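Asks: Give me coordinates for this.
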Amino acid sequence: MLVEYDAGSVNDSHALASMAVAVKELLGNGSMDVLADKGYHTGQELGKLEMETITSYVSPKEPSNPPNDLFPVSRFEYDGEKDEYTCPAGESLSSNNVWHSHSGKGRKPAFRFKRYTTPARKNCCLRERCTAGKRNGRAIDRSEYADAIEANGRRVKKRPEYYRLRQQITEYQFGTLKRQRGFTYTLLKGKEKVLGEVGIMMMAYDLARCAAILKTAGLLRALGKTRSCPKKPCFRADNGSLWTLFYNEKIVTKKYLPEKCARKTEKFNHKKLFLSLEAA
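Replies: The predicted structure follows:
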């Protein structure tokens, strides 16, 4: 089922937490899981999900490897209890517990980090494989969101079959809308109008999906739970020309209605409908 939607100027990497929190509040869940591809993998977003008791399963991004075949960061093991790293040579890297600020560039938000170094860097036997610097040794910067990133990575690695459900859960709906119903672009402009057009398409998909699962009689009973009065039209979906009215367990779709009749209808609540269908 398509539950929540939005359009904006942000890209995928900054949209996960806000959408997940909106869905959680809509469904009234105390906690829930979120599955997403690596385009949504951002430390700040994963940190927000943890604070909202939302468990993330986001495909991890591959860490960038240093040039000249130097040891990657993944070769340095972090000990959370001691708050220190152990390098491939067995030496410990610690921080002075000072948080540094990393200034944001472009659309990337600023974040804080700790820097870990070791006094053994001068006489280390693996120095040439660890750093190309002549004066300073290797330093590891640990982001304030590193714990959330590592926990997410462990979950995905531990349950790969669960993460693969993402393709079955999310790709099918958009494939149906694009290929079967030809919804590859919007006809309107402006965020409010675009959201209205997208909302109608998603509402139509949800209704068709529910009709296939609940059958016609079950769907009509579920729709009846959204009514506030038995004989008057109780909701409408309007994209400027198409109106859908609900009269006493009958769905009637008409073209534009006069203003006098329109004032008697109540605004359609897509989210309320979904909750009613879910309860059925």
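
Asks: Chain neighbours aside, what residue packs nearest to T131?
Replies: Leaving aside its chain neighbours, T131 sits nearest to R138 (4.3 Å; criterion: C-beta to C-beta, 6 or more residues apart in numbering). Where you see a C-beta, it was placed from the backbone N, CA and C, and this is true even at glycine.

Asks: ok, the one you found touching A120?
Replies: No: with contact defined as C-beta atoms under 8 Å, R138 does not reach A120; the gap is 10.4 Å.

Asks: What residues of stretch 1-9 count as buried?
Replies: 2-4 (16 or more other C-beta atoms under 10 Å).

Asks: One more: stretch 200-212?
Replies: 200-203, 205-207, 209-210.

Asks: so which of the residues you listed comes closest to S101?
Replies: The shortest approach to S101 among the buried residues of stretch 200-212 belongs to M202, at 40.5 Å (C-beta to C-beta).

Asks: Confirm that closest one sits in a helix?
Replies: Yes: M202 forms part of a helix when assessed by DSSP: H, G, I helix; E, B strand; the rest coil.

Asks: thinking again about what came up before, dump the buried residues of stretch 200-212 into JSON lines; add pLDDT and distance to A151 as well.
Replies: Conversion of these to JSON lines gives the following (pLDDT from 0 to 100; distance: C-beta to C-beta, whole Å):
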{"residue": "I200", "pLDDT": "91", "distance to A151": "39"}
{"residue": "M201", "pLDDT": "91", "distance to A151": "36"}
{"residue": "M202", "pLDDT": "90", "distance to A151": "32"}
{"residue": "M203", "pLDDT": "89", "distance to A151": "36"}
{"residue": "Y205", "pLDDT": "91", "distance to A151": "34"}
{"residue": "D206", "pLDDT": "89", "distance to A151": "33"}
{"residue": "L207", "pLDDT": "87", "distance to A151": "38"}
{"residue": "R209", "pLDDT": "88", "distance to A151": "33"}
{"residue": "C210", "pLDDT": "88", "distance to A151": "36"}
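
Asks: Using PDB, list the CA coordinates for stretch 71-91.
Replies: Extracted C-alpha coordinates of stretch 71-91, given in PDB (Å, rounded to 0.1, in the frame of the first residue of the first chain):
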ATOM      1  CA  PHE A  71      45.200   0.400   4.700                       C
ATOM      2  CA  PRO A  72      41.400   1.200   4.300                       C
ATOM      3  CA  VAL A  73      39.500   2.400   7.400                       C
ATOM      4  CA  SER A  74      37.800  -1.000   7.600                       C
ATOM      5  CA  ARG A  75      41.100  -2.500   8.700                       C
ATOM      6  CA  PHE A  76      41.000  -0.400  11.900                       C
ATOM      7  CA  GLU A  77      38.800  -2.000  14.500                       C
ATOM      8  CA  TYR A  78      36.800   0.200  16.900                       C
ATOM      9  CA  ASP A  79      36.200  -0.600  20.500                       C
ATOM     10  CA  GLY A  80      33.200   1.200  21.800                       C
ATOM     11  CA  GLU A  81      33.900   0.500  25.500                       C
ATOM     12  CA  LYS A  82      37.400   1.900  25.300                       C
ATOM     13  CA  ASP A  83      36.600   4.500  22.600                       C
ATOM     14  CA  GLU A  84      39.600   3.700  20.600                       C
ATOM     15  CA  TYR A  85      40.700   2.100  17.400                       C
ATOM     16  CA  THR A  86      43.200  -0.800  16.900                       C
ATOM     17  CA  CYS A  87      45.300  -0.500  13.700                       C
ATOM     18  CA  PRO A  88      46.600  -3.500  11.600                       C
ATOM     19  CA  ALA A  89      49.900  -3.300  13.500                       C
ATOM     20  CA  GLY A  90      48.100  -3.800  16.900                       C
ATOM     21  CA  GLU A  91      48.600  -0.200  18.100                       C
END
